[in-house]
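[1] Structure, please.
(chains A and B)
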Amino acid sequence: MIESALKDSLRIDETAETTNPPLWWPVKEGASTGMIEAVVTPSSTTTQVVPQFIEATILNLLDNAKAETFEYGIESEFAKKIDLWIYKYGDMVIEVLQRLVFQDDADTDVGCEALRVIGRAEHETSHISRLKLLQRGIFSSVPQIRNGSALGLAYLDDPKAIPFLMQAIEREKINWLKKYFQQVIDQLENTLKCQLSSDN
Amino acid sequence: MTQQPTNNGAIPWFAEALRLTAFPSPSAQIDTSTLWESVVGQKPDNQNIQPKLGIRQEDGLLEGGKLILNVQPARVEWLFTTAYDQEANGPAFEQLPNFTTGLDIFIKVIDRWFVKSPLLSRLAFGAVLIIPVENRALGYEKITSFLPDIKIDPYNSSDFLYQINRPRESKQIKGLKINRLCKWSVAMTTLTQFVLGPRISPIAIPESQRLLARLELDINTAAEFSGELSSNQTESLFQELISLGKEIAANGDVP
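    Okay, here's the model as predicted:
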């Protein structure tokens, strides 16, 4: 009992003297050495703890979206909101979506819509984390998620995904998905050609 | 003109925590259910598994410290840190190994993991290094001996925190950028006991208060790298990351 209580030991940095502390101070948990980290930078690999309000909102949006019908060509309410949250909170939203969309019992329709929005979002600073999430998605055990991820990659239009799509084709057992992956590769190869010709 | 650090290349730091973080390639298929036992050679002391979320945490004692394995869907992390001291009822700070000794212990484990490592897209070596100091001014004097371009009045300053990334290109893998992120500070730590009840009340333990010159290293390959790192590449790359970490710990903040 005492041990578990003491395990929660708190490290107080000198900055505790500040009169204007941030609204949240993520504390590393579990394997923690008790450090308080208030600053997260793109070059950091320490565990990024997402503020609770972001986690709770995204969870809520995914939950409410289960009642929505997603139709081709019609912008869903869910898509608009996720788009806005990516625009406002970038990588932190992607981190949450990565966890929730690939969860075993996640709703696949909502997941696919989320993956499409992730690919389509116009948010440069989260481009790499969105690319990596979608690359991971094409190896999901759930066909709809693989499909949604490939669609997301088509929207993202980054040729760096080509080698992963090629690996995914080799592993894919469903024919129409193989064909779809190939279509996305064809599109990305065209993009690459355009990039190379504009570089020259 | 840049002054040279005054530590003459020696590494005076104690290792509060050492970390390897690996980001598996998107295509990697990983089974981590037997990872701990196959690397450590015995069962963990504690285990926390959340299968739906793909989270696995295991830990156990290792040569006077505590080894922790954290697995998340896109991340595998090995952490070697302070053990719990039953007699002192707190983390065994006094038994911390120096940086080099801690690394020797940690690397033995990591080398066994590399044999089983999947293809990776990113790799990091992290460390929290400390030097106990008697007061804040001495802490600032210690820290500034590693920061040749920083001037602090140690007696009339507080809340100092210096964070910088000085990327370099890898010598092992052409075109791969390595981030050399470090944070320098003087920290005061106090153990706080939480009394569990209807309200959780924290009680600080004054005698546990310590002042530390503190260096946090996060040496990692850049997230922008879009290729895959094989097991062989990973091993030599990790050696390179450690070597860069040692350089900072010995010579301070140099480009």
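
[2] For B:Thr32, give its distance to B:Pro73.
    The gap separating B:Thr32 from B:Pro73 is 11 Å, by Cβ to Cβ, to the nearest Å. Glycine gets a C-beta too; all of them are placed from N, C-alpha and C.

[3] and B:Thr81, what helix or strand is that in?
    strand B:75-82 (DSSP states H and E).

[4] residues making contact with that strand?
    A:31, A:33, A:47, B:15-24, B:30, B:32, B:35, B:62, B:65-71, B:91-93, B:95-96, B:102, B:105-106, B:109-110, B:113 (Cβ atoms under 8 Å, 6 or more residues apart in numbering or on different chains).

[5] can you give me the helices for the chain?
    Picking chain A for this. With DSSP state H as the criterion, chain A has helices at A:2-7, A:52-65, A:77-89, A:91-101, A:108-120, A:127-137, A:143-156, A:162-171, A:175-199.

[6] Let me rephrase: I mean chain B.
    Counting by DSSP H, the helices of chain B are B:35-40, B:99-116, B:136-144, B:231-251.

[7] Which pLDDT value goes with residue 198?
    Reading this off chain A. A:Ser198 is assigned a pLDDT of 85 by the prediction.

[8] ah, no, chain B please
    Note for B:Pro198: predicted pLDDT of 76.

[9] Let me know the average pLDDT across stretch A:93-108.
    Here the average pLDDT along stretch A:93-108 is 90.

[10] let me redo that: stretch A:117-126
    94.

[11] Next: stretch B:136-153.
    On average, stretch B:136-153 scores 93.

[12] Helix or strand with the lowest mean pLDDT in chain B?
    strand B:90-91 (a mean of 65; mean pLDDT, DSSP states H and E).

[13] re the thing from before, filter the contacts of strand B:75-82 down to the buried ones, ChimeraX style.
    Filtering the contacts of strand B:75-82 down to the buried ones (16 or more other Cβ atoms under 10 Å in any protein chain shown) takes a single ChimeraX command:
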select /A:31,33,47 /B:15,16,17,18,19,20,21,22,23,24,30,32,35,62,65,66,67,68,69,70,71,91,92,93,96,102,105,106,109,110,113
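
[14] Could you find the closest non-adjacent residue to the spatially most central residue of chain A?
    Central residue of chain A (Cα atoms, centre = their mean): A:Ile94, 3.0 Å from the mean position. Excluding its sequence neighbours, the residue lying closest to A:Ile94 (Cβ to Cβ, 6 or more residues apart in numbering or on different chains) is A:Ser129, at 4.5 Å.

[15] Can you tell me how far the one you found is from B:Ala223?
    8 Å.

[16] Under the pLDDT cut-off, which ranges of the chain? List them.
    Picking chain A for this. A:1-42 (pLDDT under 70).

[17] um, chain B though
    In chain B, residues with pLDDT under 70: B:1-10, B:86, B:88-91, B:93-94.

[18] Now do the strands for it: every range, in order, please.
    Taking DSSP state E as the test, the strands found in chain B are B:14-24, B:46-50, B:55-62, B:65-72, B:75-82, B:84-85, B:90-91, B:120-133, B:161-165, B:168-169, B:177-189, B:192-195, B:201-204, B:210-221.
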